[in-house]
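Chemist: here's my sequence, what's the structure:
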Amino acid sequence: MNKYFLFTALFFSMTIPVLSQVPDPDFLASLSDELGTDLTGESDKLGKAGEIAKIHKLDTSQESNKKILDEIQLNIDDLRNKISQDTNSTNAFEELRRFGETIFSSIQTSFMPINLPNLDSNYILDYGDILRIQVTGKLALDLEVDVNRDGSVSIKNVGTVYVAGLSLAEASKAIVAKIKGHILGTDAFVSLVNIRDIQVILLGAVKFPGTYTVSGSSNALHVLNVSGGIADYGSFRNIRITRNDKLISNIDLYDIFIFGKNTALPKLRSGDVIYVSPKISEVAISGGVNNPMIYEVVDGETIEDVIAFAGGFSKLNKEDPRIIISNRANLSTSNNLYQIFSMNNYKNVIAKDNDNIYVPFYKQEFIPSKSVTISGMVRYPGTYFIEEGDKLSKVIELAGGLKNNAYTFAGTLFRNSAKIVQENFYRKTYQDTISFLSANLGNQAAGMFSASSDGALKIILEELRSREPLGRVIAEFDPIELRNNPLKDILLESGDQIHIPAFTDYIFALGEFNNPGVQTYNNNFSLTQYIDQAGGFSKFSDKSILLIDPNGISREIKPAFFGRFIESNEIYPGSVILASREIGKIRGLNYATTVAPVISSLAISLASLNSIVDN
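Modeler: Numbering: from 1, shown residues only. This is a model prediction of the structure:
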């Protein structure tokens, strides 16, 4: 087909000089709306660049300009987002974050306890707490009592009990014993109905150090949360709590956030001091670990510990099971840039500040399942999943083989990749033709743009615009032939559509015949006899034939001597015999070299459609 479009382009270049006149209005009126729009340039073939040109040429209103600029900005934003997504998805060494940096920056109310009763029996009572005491038996009481400044609670008809410094469980026992000792035949139940507020001091490497008032059931995590969290230079692994100048706890948040240990942090009391130390050493780990990040290390911790922080190994490269460390301070000589450890000898290697650990790995890519569809004369038509390297014979076998009346010579295979290639070629041909014609619309000398020309140009342009790619691939479908000649057994692609029609015993005589239609196939008939049976050529025919075999292969046949055809062309059942129409001559250039190729392409499309008809 390439040569046909070359002839068309040559025709246009030889017959249309560049002028700047207005095209014939009658000619433009004879075109379809879409073709007329493309030819006169009213549509924007150049995308947003054409819209920018319109700002200066056509519509200079502020609203129109703003709309165009908004559309351009949206396209720019979409492109920027796509580039950003592609970069992030393919960059294996993207910037690592410090572990824990987002824990205190997220919105999570679970860090801050609500001032409701704490059911933990180990809760230490103090001034400001409120208890509920329910007495049953000979005397029924329901009291709410405050813990006084002296640490006592006063119970009506009973007296005073000192509870400050006692756990809730211990205080409950003391109160129940007091009530039973004073009022015989009674029992009592104690619960906490309100928790006191406390003031603690937060110091060190935190974002907002100072004095904080929090609930009496709070621990160090609650205070760190309300203060904004640990600063960039602060340590997650060395947080000290002192009470009355004595160290009561040294918290390593990695135990909680990574390993889930020590979750029962000590409850704070008024006057407690929380101090976050500066971090000392950090290492980065990336590659084949589950959580690649920057981790803080303390003295004595090894590479094995860092891998544990990162959640262990993910998918390792089985052919390269190594650990690579790059850090001049951790190397034996200053000439080395990195050090390599095997999986057997890395465990005792001490992690040092600024180590950069890389674990070679492979990323598993999940490839979508590939499938093809087969229909027609097979025993089990449908959609079948295929693997890489499967061939046409495989899906025919999966479909249970062919039925007895299968016509493999007329089988069709439509493929998306072939359709895309055809579509790009058609689009380029149409755009190139339109671009050339648009630059020469004013040429009246060639007579191409007048309504009085015989309409051939309009047919050419309309056909170029409207043709739809089919994506048909010529293939062999006979299982015996595929088995004997494996080179004909083509590889399948996902999305392939295969159709094997039933055997047909007729041929199609279409186009410029006096009696076009369907004829019964006769093995002894020649091309001339089929033409005669169709009533011969009509007066509009150019006496040439396009013979299209059931497998989609087409041949152009012209009369040889005295209008007779050489009868060596084999005709198969299901073939299409198409007689082309002579439209005329265009300014001295014969129709056969300009229009016939275009019309012939329509015939090929017709044959492709015919070959998938299941009779």
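
Chemist: can we go C-alpha only for contacts and neighbour counts from here?
Modeler: Noted.

Chemist: now the helices for the stretch 501-615 of the chain?
Modeler: Secondary structure of the stretch 501-615 of the chain by DSSP state H, counting those that start in this stretch: the helices cover 527-533, 591-594, 596-610.

Chemist: same question, the stretch 151-300 of the chain
Modeler: 168-182, 220-226, 253-257.

Chemist: nearest to Asp542, out of the ones you listed?
Modeler: Nearest to Asp542 among the helices of the stretch 151-300 of the chain is helix 253-257; the distance by Cα to Cα comes to 85.3 Å.

Chemist: and the closest one, what other elements does it pack with?
Modeler: Where contact means 3 or more Cα pairs under 8 Å, 6 or more residues apart in numbering; DSSP states H and E, helix 253-257 is packed against strand 234-243.

Chemist: can you give the strand pairings for the strand it packs on, parallel or anti for each?
Modeler: Next to strand 234-243 in the sheet, as set by DSSP bridges, lie strand 246-251 (antiparallel), strand 273-278 (antiparallel).

Chemist: would you turn the ones you listed into CSV with mean pLDDT?
Modeler: Compiled in CSV, those are given as follows (pLDDT from 0 to 100):
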stretch, mean pLDDT
strand 246-251, 93
strand 273-278, 96
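
Chemist: winner for burial among those strands?
Modeler: Across these, averaging neighbours per residue (mean count of other Cα atoms under 10 Å) puts strand 273-278 on top, at a mean of 22.

Chemist: pull the contacting residues for Phe513.
Modeler: Counting by Cα atoms under 8 Å, 6 or more residues apart in numbering, Phe513 makes contact with 531, 534-538, 541, 579.

Chemist: and the residues you listed, which of them are buried?
Modeler: Buried by 16 or more other Cα atoms under 10 Å: 531, 534, 536-538, 541, 579, out of the contacts of Phe513.

Chemist: nearest to Glu388, of the residues you listed?
Modeler: Closest approach between those and Glu388, by Cα to Cα: Ala579, at 43.7 Å.

Chemist: which residue comes closest to Ile258 once chain neighbours are left out?
Modeler: Phe309 (6.6 Å; Cα to Cα, 6 or more residues apart in numbering).

Chemist: show the average pLDDT along stretch 349-369.
Modeler: For stretch 349-369, the mean pLDDT works out to 82.

Chemist: can I get it in PDB? Just the C-alpha atoms.
Modeler: Below are the C-alpha coordinates for stretch 349-369, written out as PDB (Å, rounded to 0.1, in the frame of the first residue of the first chain):
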ATOM      1  CA  VAL A 349      30.100  -6.400  61.700                       C
ATOM      2  CA  ILE A 350      29.700  -3.400  64.000                       C
ATOM      3  CA  ALA A 351      27.400  -0.700  62.500                       C
ATOM      4  CA  LYS A 352      29.100   2.700  62.500                       C
ATOM      5  CA  ASP A 353      27.900   6.300  62.100                       C
ATOM      6  CA  ASN A 354      27.100   7.200  58.400                       C
ATOM      7  CA  ASP A 355      27.200   3.600  57.200                       C
ATOM      8  CA  ASN A 356      25.300   3.200  53.900                       C
ATOM      9  CA  ILE A 357      24.200  -0.400  53.700                       C
ATOM     10  CA  TYR A 358      22.800  -1.800  50.400                       C
ATOM     11  CA  VAL A 359      21.300  -5.200  50.000                       C
ATOM     12  CA  PRO A 360      21.200  -6.400  46.300                       C
ATOM     13  CA  PHE A 361      17.700  -7.600  45.500                       C
ATOM     14  CA  TYR A 362      15.300  -8.200  42.700                       C
ATOM     15  CA  LYS A 363      11.900  -6.600  42.400                       C
ATOM     16  CA  GLN A 364       9.100  -9.000  41.500                       C
ATOM     17  CA  GLU A 365       7.000  -7.700  38.700                       C
ATOM     18  CA  PHE A 366       3.500  -9.100  38.500                       C
ATOM     19  CA  ILE A 367       2.700  -9.500  34.800                       C
ATOM     20  CA  PRO A 368      -1.000  -9.500  33.900                       C
ATOM     21  CA  SER A 369      -2.400 -12.700  32.700                       C
END
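
Chemist: can you give the contact residues for it?
Modeler: By Cα under 8 Å, 6+ apart, the residues outside stretch 349-369 that reach it are 280-289, 297, 300-304, 306, 314-318, 320-327, 329-330, 385-387.

Chemist: below-threshold pLDDT in the protein: ranges please.
Modeler: 1-94, 105-120, 262-263, 317-320, 327-337, 364, 436-467, 561-563, 566-568, 583-615 (pLDDT under 70).

Chemist: show me it divided up by domain.
Modeler: Domain segmentation of the chain under automatic domain parsing yields 2-43+422-466, 117-194, 281-359, 370-415+472-499, 504-610.

Chemist: how about the contacts made by Ile274?
Modeler: Contact partners of Ile274, counting by Cα under 8 Å, 6+ apart, are 200-203, 220, 239-242.

Chemist: so what sits opposite it in the bridge?
Modeler: Leu202, Ile241.

Chemist: is Lys347 in a helix, a strand, or coil?
Modeler: coil (DSSP: H, G, I helix; E, B strand; the rest coil).

Chemist: now it: closest residue in space that isn't a chain neighbour?
Modeler: Glu304 is the one closest to Lys347 (Cα to Cα, 6+ apart), at 4.9 Å.

Chemist: and Leu546, by the same measure?
Modeler: For Leu546, ignoring the flanking residues on the chain, the nearest one in space by Cα to Cα, 6+ apart is Glu556 at 4.5 Å.

Chemist: on that earlier part again, reformat the helices of the stretch 151-300 of the chain as JSON lines; add mean neighbour count and distance to Tyr127.
Modeler: Listed next are the helices of the stretch 151-300 of the chain as JSON lines, based on neighbours: other Cα atoms under 10 Å; distance: least, Cα to Cα, whole Å:
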{"stretch": "helix 168-182", "mean neighbour count": "17", "distance to Tyr127": "13"}
{"stretch": "helix 220-226", "mean neighbour count": "20", "distance to Tyr127": "20"}
{"stretch": "helix 253-257", "mean neighbour count": "17", "distance to Tyr127": "30"}
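
Chemist: as a markdown table, the ones you listed with distance to Ile130 would be great.
Modeler: Output for those, formatted as a markdown table (distance: least, Cα to Cα, whole Å):
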| stretch | distance to Ile130 |
| --- | --- |
| helix 168-182 | 11 |
| helix 220-226 | 22 |
| helix 253-257 | 31 |
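
Chemist: what is the nearest of the contacts of Ile274 to Thr504?
Modeler: Using Cα to Cα, Ala220 comes nearest to Thr504 of these, at 85.5 Å.

Chemist: can you pull the contacts of that closest one?
Modeler: Taking Cα under 8 Å, 6+ apart, we find Ala220 in contact with 265-268, 274.

Chemist: and the gap between it and Ile230?
Modeler: Distance of Ala220 to Ile230, computed by Cα to Cα, to the nearest Å: 12 Å.

Chemist: same check, this time on Val372
Modeler: Distance of Val372 to Ile230, computed by Cα to Cα: 57 Å.
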